[in-house]
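Student: Provided below for reference: sequence and predicted model.
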Amino acid sequence: MKILKFGGTSVGSPERMKKLLDIVNPAERQIVVLSAMSGTTNNLVEISNALLKEDKKKGIELINTLKDKYDAVVAELLPESVESVEGDFRAQGQEVVDYHFNFLLSLANNVFTAIEDKVVLAQGELLSTTLYHVYLKSIGVPSVLLPALDFMKIDEDNEPVIPYTTENLTPILEANPDTNLFITQGFICRNSFGEVDNLRRGGSDYTASLLGAAILAEEVQIWTDIDGMHNNDPRIVKGTKPIANLSFDEAAELAYFGAKILHPQSVFPAQKYKIPVRLLNTMEPQAFGTVISTESEKGKIKSIAAKDGITAIKIQSSRMLLAYGFLRKVFEVFERYKTPIDMITTSEVAVSLTVDFTDNLDKIVEELNSFGSVELDRNQTIVCVVGDFGAEKHGFASKVLDAIKHLPVRMISYGGSAYNISLLINTDDKVEALRSLHNRIFE
Ligand code: ASP
Ligand code: MG
């Protein structure tokens, strides 16, 4: 069985929804995971924000505007009231839309807390999947709509519980042996209290990979509107190419940088359960895309990626020399302020590290000051070269450094894994660094 996930733009209009059947083969047994129609989750966030601020008038206005859009979708997606045995599909679609928007209005008219906020955000995926299900019925394609809230769950630490999905989804699939096409919602789940929750923005990819893991799917396909992961940033560098094959380890290194094409956490369930993930382009279904799997060419550089908005922090202290426990104390400060550290380099008497979440930086620096002198460099960019550097252990670092020898480098991190060389540079030098690395490595 395969899992196919379609993002917001792939279901962004009735026309695009109808085109899904160019890709989805109703004769193959599969689960189709849908996002909300593009723009909807953003609209729902606005609605929720208004209601959290107790601006009921604005909330209701926004709900009505969004409803107009869905009324139009129903009119375009579903055929005119024809009296068939199955009933009137346009009326069924309208009923779905009325139900969800009346529900939103009822939320707007009651006490609104963080719990209702999550419920509001869930409506986008509930709408897109239910409407698509009615559409399939209207054209005579049999399908079963699976309620993700019955089998997608996160625990107290917001970690998905894959065994729960296996346990609750398997019986439903077994109860429908003659169904090929299952439709379900991406993004939404229940939390440890049983409340409606979600897997964070962009989380539909994560749903697909969790489902793939839970039922040991043959493959997970993520359909977007780019032809796979590219070997460099196509907005900056000319002549980038899609990477045909990536190992899970390489994809995990890139996930931090490639969040736009793939939700970063999506790699891990697939990796753990060895389910290949294929990134494909809805606009160009024949293109090979990118396959993330256990198989990937060894001893090759695969991709160059960059992330801006990085701050480097250097802590210099003679107390670090021949001492143990120093780094633990430093790390504990970051832990207390829930701030992830990305890159680290150390010398005998100093440690440099980078963060991209800076909300608590002032407090962190204040505490670090008690260990030694602290220096900050803002407006930094991590440039990361990913590939398999294990097989042939020489030459990679020098190639990378040679390509950027004309640029100042603030930090270099190599050997953390066999798949990554990271460099920290001034953001002003990023374009030049990406182009120069590309020429040296791929041209
Ligand atoms: N609809 C959700 C979002 O916009 C989830 C997704 O599209 O992946 O974040
Ligand atoms: Mg996405």
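Tutor: Structure received. Ligands and ions are numbered 1, 2, ... in the order given.

Student: give me the residue from the stretch 101-250 of the chain nearest ligand 2.
Tutor: With CB to the ion as the measure, Gly202 is the residue of the stretch 101-250 of the chain nearest to ligand 2, at 4.3 Å. (Each C-beta comes from the backbone N, C-alpha and C, glycine too.)

Student: is it true that that residue touches Ser266?
Tutor: No. Look at Gly202 against Ser266 with CB atoms under 8 Å: they stay out of range, at 9.1 Å.

Student: Those two - which one has more neighbours?
Tutor: Ser266 (28 against 21; other CB atoms under 10 Å).

Student: would you say the more buried one is within a helix?
Tutor: Yes. Under DSSP: H, G, I helix; E, B strand; the rest coil, Ser266 sits within a helix.

Student: gap between the longest helix belonging to the chain and the chain center?
Tutor: Ranked by residue count and defined by DSSP state H, the top helix of the chain is helix 114-138. Mean-position distance between helix 114-138 and its chain equals 19 Å (CA atoms, centre = their mean, to the nearest Å).

Student: buried residues in that helix?
Tutor: Across helix 114-138, burial judged by 16 or more other CB atoms under 10 Å covers 116-138.

Student: quick check, it touching ligand 2?
Tutor: No. Judged by CB under 5 Å from the ion, helix 114-138 makes no contact with ligand 2; its nearest approach is 12.3 Å.

Student: Pull the number of nearby residues for the residue in the stretch 151-300 of the chain that ligand 1 sits nearest to.
Tutor: Closest residue of the stretch 151-300 of the chain to ligand 1, CB to the nearest ligand atom: Ser204 (3.2 Å). Residues near Ser204, counting by other CB under 10 Å, number 28.

Student: cool, the one 3 residues further on as well?
Tutor: If you count neighbours by other CB under 10 Å, Thr207 ends up with 30.

Student: cool, Val220 as well?
Tutor: Val220, neighbours per other CB under 10 Å, totals 27.

Student: Same question for Ser143.
Tutor: Neighbour tally, Ser143, other CB under 10 Å: 18.

Student: ok, now which ones touch it?
Tutor: Taking CB atoms under 8 Å, 6 or more residues apart in numbering, we find Ser143 in contact with 26, 133, 136-137, 179, 181-183.

Student: how about JSON lines for these, with pLDDT and distance to Lys2 added?
Tutor: Converted to JSON lines, the contacts of Ser143 look like this (pLDDT from 0 to 100; distance: CB to CB, whole Å):
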{"residue": "Pro26", "pLDDT": "94", "distance to Lys2": "13"}
{"residue": "His133", "pLDDT": "98", "distance to Lys2": "19"}
{"residue": "Leu136", "pLDDT": "96", "distance to Lys2": "17"}
{"residue": "Lys137", "pLDDT": "94", "distance to Lys2": "22"}
{"residue": "Thr179", "pLDDT": "95", "distance to Lys2": "14"}
{"residue": "Leu181", "pLDDT": "98", "distance to Lys2": "11"}
{"residue": "Phe182", "pLDDT": "98", "distance to Lys2": "11"}
{"residue": "Ile183", "pLDDT": "98", "distance to Lys2": "14"}
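
Student: Name the residues of the protein found near ligand 1, please.
Tutor: 7-8, 35-36, 41, 124, 186-187, 201-204 (CB under 6 Å from any ligand atom).

Student: got a winner among those residues for most neighbours?
Tutor: Gly186 leads those on contacts (other CB under 10 Å) with 32 neighbours.

Student: That one: what's it in contact with?
Tutor: 5, 33-35, 125, 148, 203-208 are the contacts of Gly186 under CB under 8 Å, 6+ apart.

Student: Closest one to Gly387 out of the residues you listed, please.
Tutor: Of all the contacts of Gly186, Asp205 has the smallest distance to Gly387: 23.1 Å, by CB to CB.

Student: that older thread, which SSE is immediately downstream of the longest helix of the chain?
Tutor: strand 144-146 (DSSP states H and E).

Student: contacting residues around that following strand?
Tutor: With CB under 8 Å, 6+ apart as the test, strand 144-146 has contacts from 31, 129-130, 133, 169, 172, 176, 179, 181-184.

Student: and that strand, which strands flank it?
Tutor: strand 181-185 (parallel) (DSSP bridges).

Student: got the angle between the strand it pairs with and helix 114-138?
Tutor: In terms of direction (axes from the mean of the first three to the mean of the last three CA atoms, to 10 degrees), strand 181-185 departs from helix 114-138 by 160 degrees.

Student: In the following helix or strand past strand 181-185, which of the residues would be classed as buried?
Tutor: Scanning forward in sequence from strand 181-185 by DSSP H and E, the next helix or strand is strand 188-190. Within strand 188-190, the residues that count as buried by 16+ other CB under 10 Å are 188-190.

Student: and stretch 431-440, average pLDDT?
Tutor: If you average the pLDDT over stretch 431-440, you get 97.

Student: Which neighbouring residues are in contact with the residue nearest to His263 when sequence neighbours are not counted, exactly?
Tutor: Leaving aside its chain neighbours, His263 sits nearest to Asp205 (3.9 Å; criterion: CB to CB, 6 or more residues apart in numbering). The contact partners of Asp205, by CB under 8 Å, 6+ apart, come to 5, 7, 186, 222, 262-263, 266.
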